[in-house]
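Student: Build me a model:
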Amino acid sequence: MLHVRSIEDYQKIKHTPDKLVVVLFSAAWCGPCKRAELMVNFLLNPDKIIFMKVDVNDLDLLPDTFDITAVPTFKFFKDGKLVYKFSGASQENLENGIKNNI
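Tutor: Numbering: from 1, shown residues only. Model prediction:
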């Protein structure tokens, strides 16, 4: 999982062609975020998916964080466009989001 530390890197990765980009918006103090990160580690598929993690406290000015009302929140992008989103550490939602958008 890529840990994004700049808005420029985030935008570049988010627009990767021909890949599903799954972004975990989290915070260091968030217990469920740690569980969500562990879930992602079991689903890594570098051929079709890029997983990245954004700490909302570090990149709070990132435009995609403006509608984050809870952490963890996952957003799924294809060619830079949002295709799916959910909040919480749900393995089922994560797997369905990948399966339906890959």
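Student: Model confidence at residue 46, what's the number?
Tutor: Predicted confidence (pLDDT) for residue 46: 67.
Student: what's the answer for the one 3 residues further on, then?
Tutor: According to the per-residue confidence, residue 49 scores 92 in pLDDT.
Student: Excluding residues flanking it in the chain, which one is nearest it?
Tutor: Excluding its sequence neighbours, the residue lying closest to residue 49 (Cβ to Cβ, 6 or more residues apart in numbering) is residue 20, at 4.9 Å. Every residue, glycine included, has its C-beta placed from N, CA and C.
Student: Name whatever forms a beta bridge with that neighbour.
Tutor: residue 49, residue 78 (DSSP bridges).
Student: For the protein, which segments are assigned as strands?
Tutor: 2-3, 20-26, 49-55, 73-78, 81-87 (DSSP state E).
Student: With distance to residue 12 and mean neighbour count added, can I get the ones you listed in CSV?
Tutor: As requested, these are exported to CSV (distance: least, Cβ to Cβ, whole Å; neighbours: other Cβ atoms under 10 Å):
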stretch, distance to residue 12, mean neighbour count
strand 2-3, 11, 13
strand 20-26, 11, 23
strand 49-55, 11, 20
strand 73-78, 12, 22
strand 81-87, 15, 15
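Student: Dump the ones you listed into JSON lines; add distance to residue 14 as well.
Tutor: Shown next, in JSON lines, are the strands of the chain (distance: least, Cβ to Cβ, whole Å):
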{"stretch": "strand 2-3", "distance to residue 14": "11"}
{"stretch": "strand 20-26", "distance to residue 14": "5"}
{"stretch": "strand 49-55", "distance to residue 14": "8"}
{"stretch": "strand 73-78", "distance to residue 14": "5"}
{"stretch": "strand 81-87", "distance to residue 14": "9"}
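Student: rank those strands by pLDDT, which is bottom?
Tutor: The weakest mean pLDDT among the strands of the chain belongs to strand 2-3, with a mean of 90.
Student: Now do the contacts for the residue nearest the centre of the chain.
Tutor: The centroid of the chain falls nearest to residue 23 when counting by Cα atoms, centre = their mean (1.2 Å). Residues near residue 23 by Cβ atoms under 8 Å, 6 or more residues apart in numbering: 14, 51, 52, 53, 54, 64, 74, 75, 76, 77.
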